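Enquirer: Pasting the sequence and the predicted coordinates here, then a few questions.
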Number of protein chains: 2
Amino acid sequence: MSRASDRAYAIIRDMILAGELLSGAKIGEEALAEQCGVSRTPIREALSRLEAELLIRRSDTQRSFVADWSLDDVEEMFELRGLLESRAARRAAKRINWSQIERLKMHHEAIGHAIYAATPDTHRFIEHNHLFHGVILEASASAQLTTMLARIVERPIVHRTAQNYSFDDLKRSHRQHGELLAAFEHRDPVWAEAVMVSHIRRAFHAYASAHTGQRITDVSQAAE
Amino acid sequence: MSRASDRAYAIIRDMILAGELLSGAKIGEEALAEQCGVSRTPIREALSRLEAELLIRRSDTQRSFVADWSLDDVEEMFELRGLLESRAARRAAKRINWSQIERLKMHHEAIGHAIYAATPDTHRFIEHNHLFHGVILEASASAQLTTMLARIVERPIVHRTAQNYSFDDLKRSHRQHGELLAAFEHRDPVWAEAVMVSHIRRAFHAYASAHTGQRITDVSQAAE
DNA sequence: CGACAGCTTAATGTATACAATGCCAAAACG
DNA sequence: CGTTTTGGCATTGTATACATTAAGCTGTCG
């Protein structure tokens, strides 16, 4: 993470996530270079990565804009994520080892603590949720699934979904993780896959209901 | 296609496809720059794209190597392709319009001619096969599916699969395209999805049987 | 004889200057 | 007054020089 392009990537990504850059806004390389304190070269590399992750869009003449997401786009994204992540779960159930299950349990517990604390710790929930899914991806032992999912999971929508979770949503997510864990312990691919489909689908509906009637592309609103 | 980075991308990609670069071979930016007649800057961009498409691998210290593919990797790739492309077919069946169906029919006919000519025209088969699948992807109206599949379909394995098709394989592929066409005309998502799963799965087995007992990562062999 | 350290060499990462290209606005023409 | 063309400006694409970092080798020490 010490390379300038990595820092630039993180900075730009966080700006989009935080809503400092409005959807559809034009972003020039020069301006970003100044803000990030690096030259245009690493900026260009960062933009490539962000484009691959669909956080930015490029016009036909290579001008960069912050991507805007219609509800349909979001649903499509969740559909894709469900497709890939459930496949990962299926593969993982056949391959997961003891130490990976232990790590899953650890994150599962951490999530439990985050939810049932005096005041639910959303940040901690998100962090361990991410790690939980990361372990599954690792256990799936598929470089290609990993590559593709990395391009989806890092998107603002995914981050923001959990922030909109109600207490019930959090509990339900936690229960589903428990269900996944059980499926893994039984090495049951069909079970694991089914739970994951449901898990991701639920996440979509949590997002959708939090954003119905609201301009979901308005990042500053959505981030609250 | 006039940009230097595009040319560099095409050149390097073709070199890998043609087997001029052996699997696992180290490829330096400087050397490529000389061969492509451009500076290192566009080469670096081309390498990024090739890495995203998993045609090259990068070491932990960012050295580039031509990716090698185990049979497991190839199966995984076909699995992923089947997953995504069948989903595209499902979406397409609900959305496809008349002009897209017409184009599918056109490519279908062209493939038929290519197969049943005096001497089967593999090149033409591959071209129209690619276009056929492209129309389906277009009809699926999913930017994200399109982006992801582009990263899979352009890989050497996919290209080489059709080259190893027997006459029977070619006929079967053609028949399956006809089946897809029927599913689209009936606007039947379930049917279209099922046919596509079968279609891609068949392609994998055609590849696998052509390469059993053979070092499939040896590109120069496989390309023959 | 093997292993580690330090140096040498070669590769990648970054900055900057310049070229090419698209964009916009103002002016000229119909 | 509307449309089109042209000029300047802004932005991206490319080349090159330099900085940084890894890899490999050799010599010395255990």
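Expert: Thanks, I have it. Numbering: from 1, shown residues only, chains lettered A, B, ... in the order given.
Enquirer: going forward, measure contacts and count neighbours with C-alpha atoms only.
Expert: Fine.
Enquirer: What mean pLDDT does the helix or strand hosting A:L47 get?
Expert: For A:L47, the host element (DSSP states H and E) is helix A:40-52. Helix A:40-52 shows a mean pLDDT of 94.
Enquirer: tilt between that helix and helix B:40-52?
Expert: Helix A:40-52 runs at 20 degrees relative to helix B:40-52, counting by axes from the mean of the first three to the mean of the last three CA atoms, to 10 degrees.
Enquirer: what does chain A put close to DNA strand D?
Expert: Neighbours of DNA strand D within chain A, by CA under 7 Å from any atom of the strand: A:27-30, A:41, A:61-64.
Enquirer: Which among the residues you listed count as buried?
Expert: A:29, A:64 (16 or more other CA atoms under 10 Å in any protein chain shown).
Enquirer: Widest-spaced pair of the residues of chain A next to DNA strand D?
Expert: Maximum pairwise distance in the residues of chain A next to DNA strand D, criterion CA to CA, is 18.4 Å, between A:T41 and A:T61.
Enquirer: hmm, back to that, tell me the buried residues in the helix holding A:L47?
Expert: Burial within helix A:40-52, assessed by neighbour count using 16+ other CA under 10 Å, is assigned to A:40, A:42-52.
Enquirer: same thing with stretch A:118-128?
Expert: Using 16+ other CA under 10 Å, the residues of stretch A:118-128 that count as buried are A:120, A:122, A:125-126, A:128.
Enquirer: and the lengthiest helix in chain A, average pLDDT?
Expert: In chain A, taking DSSP state H as the definition, the longest helix is helix A:71-95. Across helix A:71-95, the average pLDDT comes to 93.
Enquirer: so where do the helices sit in chain A?
Expert: Remark: helices assigned in chain A by DSSP H are A:4-18, A:29-36, A:40-52, A:71-95, A:98-116, A:122-140, A:143-153, A:156-163, A:167-185, A:189-211, A:219-222.
Enquirer: circling back: need the buried residues of helix A:40-52 in TSV (columns: distance to DNA strand C).
Expert: TSV is the format used below for these (distance: CA to the nearest atom of the strand, whole Å):
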residue	distance to DNA strand C
A:R40	5
A:P42	5
A:I43	8
A:R44	9
A:E45	7
A:A46	9
A:L47	12
A:S48	12
A:R49	13
A:L50	15
A:E51	17
A:A52	17
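Enquirer: Which single one of those is nearest to A:A10?
Expert: Checking these against A:A10 with CA to CA, the nearest one is A:A46 at 8.4 Å.
Enquirer: how about the nearest residue to the closest one, chain neighbours excluded?
Expert: Nearest residue to A:A46, sequence neighbours excluded (CA to CA, 6 or more residues apart in numbering or on different chains): A:Y9, at 4.6 Å.
Enquirer: Pull the number of nearby residues for that neighbour.
Expert: Here the number of neighbours of A:Y9 (other CA atoms under 10 Å in any protein chain shown) works out to 23.
Enquirer: With pLDDT and distance to chain B added, can I get the buried residues of stretch A:118-128 in TSV?
Expert: Output for these, formatted as TSV (pLDDT from 0 to 100; distance: CA to the nearest CA, whole Å):
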residue	pLDDT	distance to chain B
A:P120	89	34
A:T122	88	29
A:F125	93	28
A:I126	90	24
A:H128	95	26
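Enquirer: Max pairwise distance over these: which two?
Expert: A:P120 and A:H128 (13.5 Å).
Enquirer: what does the longest helix of chain A contact?
Expert: Outside helix A:71-95, the residues that touch it by CA atoms under 8 Å, 6 or more residues apart in numbering or on different chains are A:136-142, A:145, A:149, A:152-153, A:157, A:183-184, A:187-190, A:192-197, A:200-201, A:204, A:208, A:216, B:83, B:142, B:144-145.
Enquirer: Write a ChimeraX command that selects only the buried members of those residues.
Expert: Buried members of these, defined by 16+ other CA under 10 Å, are picked up in ChimeraX with:
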select /A:136,137,138,139,140,142,145,149,152,153,157,183,184,187,188,189,192,193,194,195,196,197,200,201,204,208,216 /B:83,142,144,145
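Enquirer: which residues sit in contact with the residue nearest to A:A46?
Expert: Each residue near A:Y9 by CA under 8 Å, 6+ apart is listed here: A:43, A:46-47, A:49-50.
Enquirer: If I look at A:Q214, what pLDDT would I see?
Expert: For A:Q214, the model assigns a pLDDT of 49.
Enquirer: can you list the residues of chain A near chain B?
Expert: With the criterion set to CA under 8 Å from any CA of the partner chain, chain A comes near chain B through A:45, A:76-77, A:80, A:83, A:142, A:144-145, A:148.
Enquirer: B:Q176: which of those residues is nearest?
Expert: Nearest to B:Q176 among the residues of chain A next to chain B, with distances taken as CA to CA, is A:L83, at 23.8 Å.
Enquirer: Relative to DNA strand C, how far out is that closest one?
Expert: When distance is defined by CA to the nearest atom of the strand, to the nearest Å, A:L83 is 32 Å away from DNA strand C.
Enquirer: What pLDDT is listed against the residue nearest to A:A46?
Expert: pLDDT, A:Y9: 95.
Enquirer: Over to A:H107?
Expert: On the pLDDT scale, A:H107 gets 97.
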